[in-house]
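Asker: task: produce atomic coordinates for the following.
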Amino acid sequence: MFRDNYHDNRYDKHINMYPPVAATANTSGSAVSQVATEPVAPYPLEDVAEVINPIPVYKSSTPTSTRPLVESSASSGSSTHDRYEHPFQLPPTTTTSVESLRPQETRERIPPPPYEESENKILQEKAYRTEEEPTKVPQPPRERKRDLSQYSPSGLKFYEIYNTTVKDSVSFTPEVQMKWCETLLEFAFDEEFLSHYNINAEKLKRELKPEEVTKNQKVILEHSFKVLAKLITMKWGPAMYLMGTLYSHQPYLAIKNKSIVVRNDKKALEYYCRAAKSNHSEACYRAGVCYEFQKGTADVSSQSESLTLAFRYYLRGAELCSNSACMYKLGMFCLYREDFQDVPQAMSWFKNAAKQHNSPQALYELGKIYEFTSLPFTVQRLLTENNITPNPTKALKNYYACATKCEYPLAQWKLGHCYEFGELQLPVIAKKSIAWYAKAALAEPKGNAMAMLALSGWYLTGATGVLQPNDQEAFKWALQSCEASDGKLARAEYALAYYYERAIGCTQDPAQARVHYERAARLGHSKAISRLQSGL
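Answerer: Next up is the predicted model:
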């Protein structure tokens, strides 16, 4: 019923080109919230390109207090010599503005680990020697032996990276320090770690209270940004790329709170471009995506200029960094964008990405090209002019490689579709169709919405000797399809509305039926429009 030979336009662009626009984060500069609370953006960083010293990465909206994090042990009656009763305390934070900092005015340097605690139990940072100090050969701090038998797996992982960083504290090797920065950012949102360990990878003798966890998180985050700022002043490509991903709220790290800096697409693009100049592969791709879809490009005069810049960054990523995603994008430009159309070049980029890197997007696009009929008429005519004609064997070969070697859900859906309707010279085999649909529907992270809808259709009608009809399962898969597509797959919205209207696998609900018919109608579904006009 719902399994017609239809390909939703939304799925023509089968790669995550750019993240959805997120809501504007809180820019008040308030302190980092407890780990479990709503995300805030306490680190509105400024550009650090010309700043040699670390920049202040945290601005409190209230005057800084030097009151101890935990009440003194004397007031609680506990021993004043038990340092683990007060695992750490914070130094006063500066209120100096970013604009007032200049290299000639500030001699502060990022301290190397370990981060020592004074007799007053205030977590302090050791400064590098100043120019006034006598010249001497610096020595890395000695790491005392620890009992690691009680450390958790995450604690051991953090300790190993911390220990490597300690040994590198004098050299400040970019690769080592970048790994340290990434580790700090990730562990700053590990609640279990924050409750039992500090920035020196020391296991605390008691579990921290919620307010102490927040302070611990703040210490770790602030130092991660200081290290990141130092690496950026060194023009270290990966650091500039990381800053760009933080500004775009699309970090590649496992960070639960993606709003630790205020979203700024313009800043993100600036950092991507700076990283791309150092031939950072992913930065080339993201800079190209920003220009292609005009994210943070308010200063660019026209769409044509923006597309030209996108093409240049993709070309840089493909030629200098051998980035398969950039190769795929160049193929798409050369096939679909009028000002860049060049079929031989498009085929070359697709084939290079597929052969050298097993790019699933390139393999799928080659399948579409040889299938031919699923492409727009103008593109079909362009291919014909370049002696490329339908070739079901080559189409199936590329789809199959994409579905098996790359486990690409869209290609798995395509094979299920071909086995259901007998396309690309395949026989109609319900068992194989359902198997491929199921594989695509259950793929991580959220499955393919069209495959879910196809399963809904199979459960609605059943398949002799393979699958018994099941209205409840049909309804469930239609509902999941709508959720997976974020309400943007017209056929799924129409199917779910039909189920609600006819009480198929669910309780009859005319109100919900109308909601989903309206969504389908807004997406241009002709049957949904007719159903609404008939007076549901």
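Asker: next, work out how far apart the residue sitting nearest the centre point of the chain and His357 are.
Answerer: Most central in the chain under C-alpha atoms, centre = their mean is Gln250, positioned 4.2 Å from the mean C-alpha point. From Gln250 across to His357, the span is 22 Å (C-beta to C-beta, to the nearest Å). All C-beta atoms are positioned from the backbone trio N, CA, C, and that covers glycine.
Asker: low-confidence stretches in this structure?
Answerer: 1-144 (pLDDT under 70).
Asker: domain assignment for it?
Answerer: Per automatic domain parsing, the domain ranges recorded for the chain read 24-69+79-129+150-262, 411-536.
Asker: including distance to Gly317, could these go into TSV?
Answerer: Below are these laid out as TSV (distance: least, C-beta to C-beta, whole Å):
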stretch	distance to Gly317
domain 24-69+79-129+150-262	12
domain 411-536	24
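Asker: of all those, which one is nearest Arg286?
Answerer: Closest approach to Arg286 among the domains of the chain (C-beta to C-beta): domain 24-69+79-129+150-262, 6.7 Å.
Asker: highest mean neighbour count out of the domains of the chain?
Answerer: domain 411-536 (a mean of 19; mean count of other C-beta atoms under 10 Å).
Asker: Val300: neighbour count?
Answerer: By other C-beta atoms under 10 Å, 16 other residues sit near Val300.
Asker: list the contacts of the closest residue to it other than its chain neighbours.
Answerer: Sequence neighbours aside, Ser306 is the residue nearest to Val300 in space, at 4.7 Å (criterion: C-beta to C-beta, 6 or more residues apart in numbering). Neighbouring residues of Ser306 by C-beta atoms under 8 Å, 6 or more residues apart in numbering: Tyr291, Glu292, Gln294, Thr297, Val300.
Asker: separation between Ser306 and Leu315?
Answerer: Counting by C-beta to C-beta - Ser306 and Leu315 are separated by 15 Å.
Asker: CA-only coordinates of the biggest helix by length in the chain in PDB, if you can.
Answerer: Determined from DSSP state H, the single longest helix within the chain is helix 210-233. This file holds the C-alpha atoms of helix 210-233, laid out as PDB (Å, rounded to 0.1, in the frame of the first residue of the first chain):
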ATOM      1  CA  PRO A 210      27.400  18.000  43.700                       C
ATOM      2  CA  GLU A 211      28.600  21.500  44.200                       C
ATOM      3  CA  GLU A 212      32.200  20.200  44.500                       C
ATOM      4  CA  VAL A 213      31.700  18.300  41.200                       C
ATOM      5  CA  THR A 214      30.800  21.500  39.500                       C
ATOM      6  CA  LYS A 215      33.900  23.200  40.800                       C
ATOM      7  CA  ASN A 216      36.000  20.200  39.700                       C
ATOM      8  CA  GLN A 217      34.500  20.500  36.300                       C
ATOM      9  CA  LYS A 218      35.300  24.200  36.100                       C
ATOM     10  CA  VAL A 219      38.900  23.600  37.000                       C
ATOM     11  CA  ILE A 220      39.300  21.000  34.200                       C
ATOM     12  CA  LEU A 221      37.400  23.000  31.600                       C
ATOM     13  CA  GLU A 222      39.400  26.200  32.300                       C
ATOM     14  CA  HIS A 223      42.700  24.500  31.900                       C
ATOM     15  CA  SER A 224      41.600  22.700  28.700                       C
ATOM     16  CA  PHE A 225      40.900  26.000  27.100                       C
ATOM     17  CA  LYS A 226      44.200  27.500  28.300                       C
ATOM     18  CA  VAL A 227      46.000  24.600  26.600                       C
ATOM     19  CA  LEU A 228      43.900  25.000  23.500                       C
ATOM     20  CA  ALA A 229      44.500  28.700  23.300                       C
ATOM     21  CA  LYS A 230      48.300  28.100  23.600                       C
ATOM     22  CA  LEU A 231      48.200  25.500  20.800                       C
ATOM     23  CA  ILE A 232      46.200  28.000  18.600                       C
ATOM     24  CA  THR A 233      48.900  30.600  19.100                       C
END
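Asker: show me what that helix is packed against.
Answerer: helix 174-187, helix 191-196, helix 237-247 (3 or more C-beta pairs under 8 Å, 6 or more residues apart in numbering; DSSP states H and E).
Asker: format the ones you listed as JSON lines; extra columns: distance to Val343.
Answerer: As requested, these are exported to JSON lines (distance: least, C-beta to C-beta, whole Å):
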{"stretch": "helix 174-187", "distance to Val343": "42"}
{"stretch": "helix 191-196", "distance to Val343": "53"}
{"stretch": "helix 237-247", "distance to Val343": "33"}
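Asker: so the residue nearest to Val300: helix, strand or coil?
Answerer: helix (DSSP: H, G, I helix; E, B strand; the rest coil).
Asker: that older thread, give me the subset of the contacts of Ser306 that lies in helices.
Answerer: Tyr291, Glu292.
Asker: how near is Asn257 to Glu186?
Answerer: Going from Asn257 to Glu186 by C-beta to C-beta gives 11 Å.
Asker: next: Ala474.
Answerer: 42 Å.
Asker: coming back round to it: is it true that the residue nearest to the centre of the chain touches Arg263?
Answerer: No - in this structure, Gln250 is not within contact of Arg263 by C-beta atoms under 8 Å, at 9.7 Å.
Asker: who wins for proximity to Gly155 among the helices and strands packed on helix 210-233?
Answerer: Once these are compared by C-beta to C-beta, helix 191-196 is nearest, at 6.7 Å.
Asker: what's in contact with the closest one?
Answerer: 35-36, 152, 154-155, 158, 187-188, 203-204, 207-208, 213, 216-217, 220.
Asker: what separates that helix from the chain centre, distance-wise?
Answerer: 24 Å (C-alpha atoms, centre = their mean, to the nearest Å).
Asker: alpha carbons of that helix, as PDB, please.
Answerer: Presented in PDB, the C-alpha positions along helix 191-196 are these (Å, rounded to 0.1, in the frame of the first residue of the first chain):
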ATOM      1  CA  GLU A 191      30.200  12.400  36.100                       C
ATOM      2  CA  GLU A 192      31.800   9.300  37.600                       C
ATOM      3  CA  PHE A 193      35.300  10.600  37.000                       C
ATOM      4  CA  LEU A 194      34.500  14.100  38.300                       C
ATOM      5  CA  SER A 195      33.200  12.600  41.600                       C
ATOM      6  CA  HIS A 196      36.300  10.600  42.400                       C
END
